[in-house]
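Novice: predicted model follows, preceded by the sequence.
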Number of protein chains: 2
Amino acid sequence: MNGRRGGAVTMHDVAARAGVSIKTVSNVVNGYPYIRQSTREKVEQAIADLGYQVNVTARNLRRGRTGLIGLAVPELSLPYFAELADSVIRAAEARGLTVLIEQTGAVREREIEVLRGARRQFTDGLVYSPLGLGPDDVHELDGIDYPMVLLGERIFGGPADHVTMSNVEAAKAATQHLIDQGRRRIAVVGAHAGETVGSAALRVQGYAAALEDNGLPFDPALIGEAGLWHRATGAETMWRLLDADLGIDAVFGLNDALALGALHALHQRRVDVPGQVAVIGFDDIEETAYSSPTLSTVHPGREEIASTAVDLLLARIEAPDADRPYRQVVADFSIVARASTLGEHAAG
Amino acid sequence: MNGRRGGAVTMHDVAARAGVSIKTVSNVVNGYPYIRQSTREKVEQAIADLGYQVNVTARNLRRGRTGLIGLAVPELSLPYFAELADSVIRAAEARGLTVLIEQTGAVREREIEVLRGARRQFTDGLVYSPLGLGPDDVHELDGIDYPMVLLGERIFGGPADHVTMSNVEAAKAATQHLIDQGRRRIAVVGAHAGETVGSAALRVQGYAAALEDNGLPFDPALIGEAGLWHRATGAETMWRLLDADLGIDAVFGLNDALALGALHALHQRRVDVPGQVAVIGFDDIEETAYSSPTLSTVHPGREEIASTAVDLLLARIEAPDADRPYRQVVADFSIVARASTLGEHAAG
DNA sequence: CCGTCACCCTACATCGTTGTAGAGAGCGGA
DNA sequence: TCCGCTCTCTACAACGATGTAGGGTGACGG
């Protein structure tokens, strides 16, 4: 029965042992103030003696809440999402919530399914990070009647709070960092041709803005496409760019996996980093601190995103009726300058 | 209320609309056979009209099961565990179970805490993969009164079924693979000095066995230590080994992260892989198929481990009283030969 | 024509907890 | 003295589902 097999001590047993009513036990457990000290002690003793633990299922039924929140991400095998999940789990734990992870594989159908699936019943709310949906799918969020927090830049305007990162600003800062190191021919790895929404488009936009700010030309030849943001595609794109002989002196990987792939390709071609080409990534995944050279990157405030998301969700869960307007929060970012732009001497 | 706010359609509502008793609705929902076709249709129509979904919490309370299982792993940011979690989630899904992940950070205290923590109440069982515990901690498992499946090689003999991989055999096969390519000076990256249990010890043991089978000497100088099995430590260990100038012609990374780190170090030192040094890893994480050169490795049957673990757990959950002896299952492995041992021509 | 049996359905209690309402004790102030 | 208040505790009815027991049908065999 519910975790506790065998014994299955209930409030009844505790009440009997302590010689009080079952409700008094409940009151003690829930910290109700008007209980005589001696009574409280009797109950606590009985609880200790019997090893009683509240039956959360029954409490949930009664309270109408489960204490569980869902987290829908594309895949745990993508480091960014594994680390995001890690942060969300920690943030939730700190607030007494438990996280139930659902993988969507970035497949549109599965992302939609998650919204109405049976699992929604277990959870008080959902942190939703879609990759497969596009702006045309906003209507899929219509009629969502549970607390939800959106992450990412695929969809805006649903009936949910939204936590994003400053993609444009951060990409601009990353590009500026390269320019500050004297770089002028900065390639991009990971663009998505034709897209106008999503992280790829926004980050390229930031890149272009930085160039413009510095009076540098935007050369389409420097924009390397890569559909999947994996290490392998990063390396391939880098090879293509190198083959084209464009005089590149820096690379902006739109995420860390791409940048690490590019780093790898550069090594293989015996291109010195950052001597000949500086590299910067985006996401600050753990591995960037361990690559060689260590990878400069954008720290997107993952912890902040996670804890803000959980806070917003919790607020909606606790006051479901308050039809307070949906908030959009933009997390702070920072540039983490490491050896791939500064060189070994200056960085760690 | 439990996911469905607002409406909160219950069996009562469905029963009223269909003009039957609430129990009949329950019977329809649960596939009870003795129901007139016409009645069934009426009920199903009412369910569809009202958009009714069973309240899982109430059902759980009544049935004494939650349909949730716990999965305790060190960290999701370690690719092996992220992929293991992925596999367990899929396996559980296929059997109608939902997974609740708990991260222990491989910290002994937190691993112990997980065993009795409040979360155990939410779950019908636990898939437990400790890294911080040692054989002396078996007693921590005493008195565990819920279904549990152990993973890994840290602890044996607890009151639980156990799924392991053939560490010794697999490591032996990996080493043999290198020997088959004509390698004779095979270094190990990732050994744990002094340990006699755990994956490191077992894999080194398999390595030694392969050498012996082939009449090759075991040279302690070739055994590179690395406490953490990360890419960075793999690279460091590899550098140390290279610096020692041992005439190494192959490297066995005790896991893929180490092997990838070693690969990286070799590249940096302009050592040709596999021309001068062949490299093989262990785990077959996704990335090994994308590294350059692609990394040969041991496929440890992660899917099999996950689905076996879930099967065993489910069997215990469904028949908790059956005191059938605890089983130990060893998953099959296979060698995945890629470019880091075969060269580009032969491999993908 | 009646008992038996398979079939279909219902009433009621129950899972373990918490909200509501209110009872009784004790105390101070009018 | 009685009222009203605070404090402490209890009884009872929920939450939404399912197990148990049993009440009606109608068909069939004797």
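Specialist: Cool, got the structure. Numbers count the residues shown, from 1 in each chain, chains lettered A, B, ... in the order given.
Novice: when you work out contacts or count neighbours from here on, use the C-alpha atoms and nothing else.
Specialist: Fine.
Novice: where along chain A do the helices fall?
Specialist: Taking DSSP state H as the criterion, chain A carries its helices at A:11-18, A:22-29, A:37-50, A:56-63, A:79-94, A:108-116, A:167-180, A:198-213, A:231-243, A:256-268, A:302-318, A:339-342.
Novice: as a markdown table, those helices with mean neighbour count and mean pLDDT would be great.
Specialist: A markdown table is the format used below for the helices of chain A (neighbours: other Cα atoms under 10 Å in any protein chain shown; pLDDT from 0 to 100):
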| stretch | mean neighbour count | mean pLDDT |
| --- | --- | --- |
| helix A:11-18 | 19 | 95 |
| helix A:22-29 | 18 | 95 |
| helix A:37-50 | 16 | 95 |
| helix A:56-63 | 17 | 91 |
| helix A:79-94 | 21 | 91 |
| helix A:108-116 | 17 | 92 |
| helix A:167-180 | 23 | 97 |
| helix A:198-213 | 21 | 96 |
| helix A:231-243 | 21 | 94 |
| helix A:256-268 | 26 | 91 |
| helix A:302-318 | 21 | 94 |
| helix A:339-342 | 25 | 96 |
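Novice: could you dump those into CSV with distance to residue B:241 added?
Specialist: Shown next, in CSV, are the helices of chain A (distance: least, Cα to Cα, whole Å):
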stretch, distance to residue B:241
helix A:11-18, 63
helix A:22-29, 59
helix A:37-50, 56
helix A:56-63, 54
helix A:79-94, 29
helix A:108-116, 47
helix A:167-180, 35
helix A:198-213, 41
helix A:231-243, 27
helix A:256-268, 21
helix A:302-318, 37
helix A:339-342, 24
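Novice: looking at these, which is nearest to residue B:272?
Specialist: helix A:256-268 (10.6 Å; Cα to Cα).
Novice: got a list of contacts for the closest one?
Specialist: A:189-190, A:229-239, A:251-253, A:272-273, A:279-285, A:288, A:291, A:295, A:297, B:267-268, B:292 (Cα atoms under 8 Å, 6 or more residues apart in numbering or on different chains).
Novice: mind listing the residues bridging to the nearest residue in space to residue A:129 that is not next to it in sequence?
Specialist: The shortest distance from residue A:129 to any non-neighbouring residue, by Cα to Cα, 6 or more residues apart in numbering or on different chains, is to residue A:151 (4.8 Å). Beta-bridge pairing for residue A:151 (DSSP bridges): residue A:163.
Novice: wait, residue A:151 touches residue A:157, no?
Specialist: No: here residue A:151 lies out of contact with residue A:157, judged by Cα atoms under 8 Å, at a distance of 11.8 Å.
Novice: looking at these two, which is more packed in?
Specialist: Neighbours around residue A:151 and residue A:157, counted as other Cα atoms under 10 Å in any protein chain shown, are more numerous at residue A:151. The numbers are 25 against 15.
Novice: let me see the contact set for the more buried one.
Specialist: Contact analysis of residue A:151 by Cα under 8 Å, 6+ apart lists A:127, A:128, A:129, A:130, A:162, A:163, A:164.
Novice: tell me the pLDDT of the residue lying closest to residue A:147 once chain neighbours are set aside.
Specialist: Closest residue to residue A:147 apart from its sequence neighbours, by Cα to Cα, 6+ apart: residue A:125 at 4.7 Å. At residue A:125, the model reports a pLDDT of 94.
Novice: so what's the residue count around residue A:125?
Specialist: Residue A:125: 28 neighbours (other Cα under 10 Å).
Novice: how about the contacts made by it?
Specialist: Contacts of residue A:125 (Cα under 8 Å, 6+ apart): A:68, A:69, A:70, A:146, A:147, A:148, A:313, A:317, B:3.
Novice: now, which of those sits nearest residue A:26?
Specialist: Using Cα to Cα, the contacts of residue A:125 come closest to residue A:26 at residue A:68, 21.7 Å.
Novice: about what we covered before: restricted to strands, list the contacts of residue A:125.
Specialist: Using DSSP state E, the members of these that fall in strands are A:68, A:69, A:70, A:148.
Novice: I figured the second one hits residue A:123, correct?
Specialist: Which is residue A:69. Yes: assessed by Cα under 8 Å, residue A:69 is found in contact with residue A:123 at 4.8 Å.
Novice: which one's more surrounded, those two?
Specialist: residue A:69 (28 against 24).
Novice: would you mind listing what in the stretch 1-150 of chain A touches DNA strand D?
Specialist: A:19-24, A:33-40, A:58, A:61-62, A:64 (Cα under 7 Å from any atom of the strand).
Novice: out of these, who's near DNA strand C?
Specialist: Restricting these to those near DNA strand C - Cα under 7 Å from any atom of the strand - leaves A:22, A:23, A:58, A:61, A:62.
Novice: TSV for the residues you listed, including distance to residue B:106?
Specialist: Listed next are those as TSV, based on distance: Cα to Cα, whole Å:
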residue	distance to residue B:106
A:22	40
A:23	40
A:58	32
A:61	34
A:62	36
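Novice: pLDDT at the residue in the stretch 101-250 of chain A positioned nearest to DNA strand D, what is it?
Specialist: Residue nearest to DNA strand D within the stretch 101-250 of chain A: residue A:121 (10.3 Å; Cα to the nearest atom of the strand). Turning to residue A:121, the model gives it a pLDDT of 81.
Novice: for residue A:345, same thing?
Specialist: For residue A:345, pLDDT reads 68.
Novice: ditto for residue A:77
Specialist: At residue A:77, pLDDT is 82.
Novice: what is the burial count for it?
Specialist: Counted with other Cα under 10 Å, the neighbours of residue A:77 add up to 24.
Novice: my guess is it contacts residue B:82. True?
Specialist: Yes: using Cα under 8 Å, residue A:77 is in contact with residue B:82, at 5.5 Å.
Novice: how close does residue A:222 sit to chain B?
Specialist: According to Cα to the nearest Cα, to the nearest Å, residue A:222 and chain B sit 24 Å apart.
Novice: for the residue most central in space within chain A, what are its contacts?
Specialist: For chain A, the residue nearest the mean C-alpha position is residue A:84 (3.6 Å; Cα atoms, centre = their mean). The contact partners of residue A:84, by Cα under 8 Å, 6+ apart, come to A:302, A:303, A:306.
Novice: okay, those residues in CSV with distance to residue B:52 next?
Specialist: Formatted as CSV, the contacts of residue A:84 follow (distance: Cα to Cα, whole Å):
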residue, distance to residue B:52
A:302, 38
A:303, 38
A:306, 33
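Novice: looking at those, which is nearest DNA strand D?
Specialist: residue A:306 (30.7 Å).
Novice: excluding chain neighbours, what is closest to the closest one?
Specialist: Per Cα to Cα, 6+ apart, closest to residue A:306 is residue A:88, 4.9 Å.
Novice: over to residue A:66?
Specialist: Closest to residue A:66 by Cα to Cα, 6+ apart is residue A:60, at 5.1 Å.
Novice: and the one you found, how far from residue B:120?
Specialist: 15 Å (Cα to Cα, to the nearest Å).
Novice: go on, residue A:213?
Specialist: 56 Å.
Novice: can you pull the buried residues of stretch A:319-330?
Specialist: A:320, A:328, A:329, A:330 (16 or more other Cα atoms under 10 Å in any protein chain shown).
Novice: can you check stretch A:93-100 too?
Specialist: A:97, A:98, A:99, A:100.
Novice: from the residues you listed, pick the one nearest chain B.
Specialist: residue A:100 (5.3 Å; Cα to the nearest Cα).
Novice: show me the contacts for residue A:205.
Specialist: A:168, A:171, A:172.
Novice: let's see that with 6 Å instead.
Specialist: By Cα atoms under 6 Å, 6 or more residues apart in numbering or on different chains, the contact set of residue A:205 is empty.
Novice: domain parsing of chain A, as residue ranges.
Specialist: What automatic domain parsing lists as the domains of chain A is A:11-63, A:68-164+A:302-332, A:167-300+A:335-342.
Novice: show the end-to-end separation of the last one, please.
Specialist: When the termini of domain A:167-300+A:335-342 are compared using Cα to Cα, they are 23 Å apart.
Novice: got a pLDDT number for residue A:102?
Specialist: Per the predicted model, pLDDT is 92 at residue A:102.
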